[in-house]
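1. Here's a sequence, model it:
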Amino acid sequence: MKINRCCIIIISILIGIFMIPIEEPRMETRRYKDLSIVSPNFPEHTNLWIDYEGKIYMIDSVDETLLVMSDDKGATWSTLSDQAFDIVVILIDRVAERLYYSYINPGGLTAVSRYIDLTNDSDNADTSKGIAGDSFKGVDIFRTGGNTGFYNLITVDTGTWQSQIRWNLVAAGTSIQMEAGLGVDPIASIDVTQIVSDGTNHWMLYQSTTDHVFIVKSVIADGTFTNIEDLGATLNLPPKNQQGIAYDGSNILTFVLQDTGDSKYYLWTYNISGDVATKGAEYNIALMLDRHNIGTAPNELEKAFGVFNEIVYELKANRGGVIQLQDISALADDNIIAITDNFL
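-> Okay, the predicted model is just below:
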């Protein structure tokens, strides 16, 4: 259903900041510049907006049933899609020039995928998948072999509550399904992050009700869940805006977790080939979702921002995690709430 909420307009001013190249001898640096644009719209969290070819696409925070676009750096917005239910994820396919998005229709017990054609900003039907379970919520969507797949978090009552992450690939009018049983946690008490892909597998983080966080691996080709590993006790997933997982394109996943012992947030890395998770230094930051980073110069690496300071970071796994890119406190009049390759 549609839910309207109040917004704080001062925060949206931050969308009017972008990155520009400044020529210096033997190097190119990029610094944020205040555009002095007061945007009437801003995203609910950083995983729900992206910039592409000079345009900004996002799910509106006041009405999450709307997918909107700005071609003037946030000064004005056009509605490209108006659905009956909250849009929960977006996924860009830069090769096909499509922006996929998904929502759950609880009345029809259906996960729905649609896409914006980025060549003309038209809204188009994609596919859907019926959901069986006592309760459910959408986690993410993915594309493989020209088809769309869904990850959903399902709870079924088999005498005790059984939580499952379900992988569904919809192709040629048929659907195949794999699932990972996650114990007896009611769905209201757990959370799962969006996925990150290493080209062969999808990775995600799962929160249990016992202050444990697990790293979960699912094979892209057939959905087989081959790894559900406990990262340890006294851990929580951070708020939704901080649940992005970065990938260095080779071997290292980077993410933020909360230590329930001191309630602070720490930067973690996971070495895929070595199967080793490492807790790093305290960083209360929000990371870009890996797939929202174009990965080419001058945006080769994902960025992050401080939740309670106006500092932008760049992720460099081979240098211990993150380095400070720029302190924008002189430009910003409130905390940063979202980041793309080129905009805050």
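
2. need the strands for the stretch 151-300 of the chain, in chain order.
-> Shown for the stretch 151-300 of the chain, the strands assigned by DSSP state E, counting those that start in this stretch span residues 161-171, 174-181, 191-192, 196-197, 201-207, 213-219, 225-230, 235-236, 246-247, 252-259, 264-271, 276-282, 285-287.

3. Mean neighbour count, those: which tops it?
-> Most buried of the strands of the stretch 151-300 of the chain, by mean neighbour count (mean count of other Cβ atoms under 10 Å): strand 285-287, with a mean of 27. Backbone N, C-alpha and C define where each C-beta goes, glycine included.

4. follow-up on the earlier one: turn the strands of the stretch 151-300 of the chain into CSV, including mean pLDDT.
-> Listed next are the strands of the stretch 151-300 of the chain as CSV, based on pLDDT from 0 to 100:
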stretch, mean pLDDT
strand 161-171, 81
strand 174-181, 71
strand 191-192, 88
strand 196-197, 96
strand 201-207, 93
strand 213-219, 92
strand 225-230, 84
strand 235-236, 94
strand 246-247, 94
strand 252-259, 96
strand 264-271, 95
strand 276-282, 94
strand 285-287, 96
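
5. now the ones you listed in a markdown table, with distance to Phe42?
-> Below are these laid out as a markdown table (distance: least, Cβ to Cβ, whole Å):
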| stretch | distance to Phe42 |
| --- | --- |
| strand 161-171 | 30 |
| strand 174-181 | 35 |
| strand 191-192 | 23 |
| strand 196-197 | 24 |
| strand 201-207 | 25 |
| strand 213-219 | 29 |
| strand 225-230 | 36 |
| strand 235-236 | 26 |
| strand 246-247 | 22 |
| strand 252-259 | 21 |
| strand 264-271 | 22 |
| strand 276-282 | 27 |
| strand 285-287 | 14 |
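
6. who wins for proximity to Tyr313 among these?
-> Closest to Tyr313 of the strands of the stretch 151-300 of the chain, according to Cβ to Cβ: strand 285-287, at 6.2 Å.

7. Paired strands for the closest one, with orientation please.
-> Strand 285-287 sits in its sheet next to strand 303-306 (antiparallel), going by DSSP bridges.

8. so after the strand it pairs with, what's the next helix or strand?
-> strand 311-316 (DSSP states H and E).

9. Would you mind listing the buried residues in that next one?
-> For strand 311-316, burial by neighbour count (16 or more other Cβ atoms under 10 Å) applies to Ile311, Val312, Tyr313, Glu314, Leu315.

10. just so I know, which of the strands of the stretch 151-300 of the chain lies nearest Glu64?
-> That would be strand 191-192 among those, by Cβ to Cβ, at 17.4 Å.

11. The closest one: partners in the sheet, and parallel or antiparallel?
-> Here strand 191-192 is paired, per DSSP bridges, with strand 201-207 (antiparallel).

12. just the angle between the strand it pairs with and strand 252-259, please?
-> Compare the direction of strand 201-207 with that of strand 252-259 by axes from the mean of the first three to the mean of the last three Cα atoms, to 10 degrees and you get 0 degrees.

13. chain center to strand 201-207, what's the gap?
-> For strand 201-207, the distance from its own C-alpha centre to the chain's C-alpha centre is 12 Å (Cα atoms, centre = their mean, to the nearest Å).

14. I am finished for the moment; much appreciated.
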